[in-house]
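Asks: got a sequence here, can you model it:
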Amino acid sequence: MEDRLSNEKNEKPARGGRFTAGNKGGPGRPRGYRSALAKALDEIPKEDIVAVRDQMIAGAKTGDMQAARLILDRHWPVPKGRSVAFPLGRVKGAKDIPRAIGAILMAVSRGDLSPEEGHAVAGIVEMHRKGIESTDHEERLARLERQKDKK
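Replies: Residues are numbered from 1 along each chain as shown. Next up, the predicted model:
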C-alpha cells in the first residue's frame, strides 16, 4: 500500500513549508472563523432561547435531574482540585525525597489523599527534586571551574 503522506519520489519536503515567516496567521482557520454550528446557533431567536431556559428550570423544579444537573453545573462547576494537608515534612535535599514520597504513599493508603491527589503532590516533589539537582549541578560546575582557574 502506498504511503499517502510521502511524495511520489519519496523526497523530503522542501524547507520553507507552512510554518515559515510570511505565512500570515499560520496554518488552519482564518482569524474570526465561525463554524457552521456556531452560525446556526446565533440565528436562534432570543425568545426561543429564553423559552428553552424556562423549560429547563421548570423541568428541574419538577424532578428532571438531567435538567437540574445542567443548570447547577453551570452555576457551580466541579472544582478542579482541592487543598490537601498531610504530614510531609521539609524537603531540604535529595536525601529527603524518598521520605516525602513515602509520606505521600501513606496518605494515599490511609485515604487522606486520592490516588490522583497523591500523583499531583508527587509531581510537585519531583519538580522540587529537579530544582535541587539543577542547583547542585550548577554549584559543582562552578566549583570545578574555580579549581581549573587556580591551576
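
Asks: every contact and neighbour count from this point should use C-alpha atoms.
Replies: Fine.

Asks: would you tell me which helix is longest in this structure?
Replies: helix 115-150 (DSSP state H).

Asks: what helices and strands are in contact with that helix?
Replies: Under the contact criterion of 3 or more C-alpha pairs under 8 Å, 6 or more residues apart in numbering; DSSP states H and E, helix 115-150 touches helix 97-110.

Asks: for the helix it packs on, buried residues please.
Replies: Buried residues in helix 97-110, counting neighbours by 16 or more other C-alpha atoms under 10 Å, are found at Ile97, Ala100, Ile101, Ala103, Ile104, Leu105, Met106, Ala107, Val108.

Asks: same thing with stretch 50-58?
Replies: Met56, Ile57.

Asks: before we move on, back to that, now the longest helix of the chain against helix 97-110, angle please.
Replies: 180 degrees (axes from the mean of the first three to the mean of the last three C-alpha atoms, to 10 degrees).

Asks: and helix 115-150, average pLDDT?
Replies: Helix 115-150 comes out with an average pLDDT of 93.

Asks: that older thread, Phe86: which of the buried residues of helix 97-110 is nearest?
Replies: Of all the buried residues of helix 97-110, Ala107 has the smallest distance to Phe86: 7.0 Å, by C-alpha to C-alpha.

Asks: which residue, other than its chain neighbours, is closest to the closest one?
Replies: If the residues on either side of it in the chain are set aside, Ala107 comes closest to Leu113, at 5.6 Å by C-alpha to C-alpha, 6 or more residues apart in numbering.

Asks: list the buried ones in the longest helix of the chain?
Replies: Quick answer for helix 115-150 (16+ other C-alpha under 10 Å): Glu117, Gly118, His119, Val121, Ala122, Val125, His128, Arg129, Ile132.
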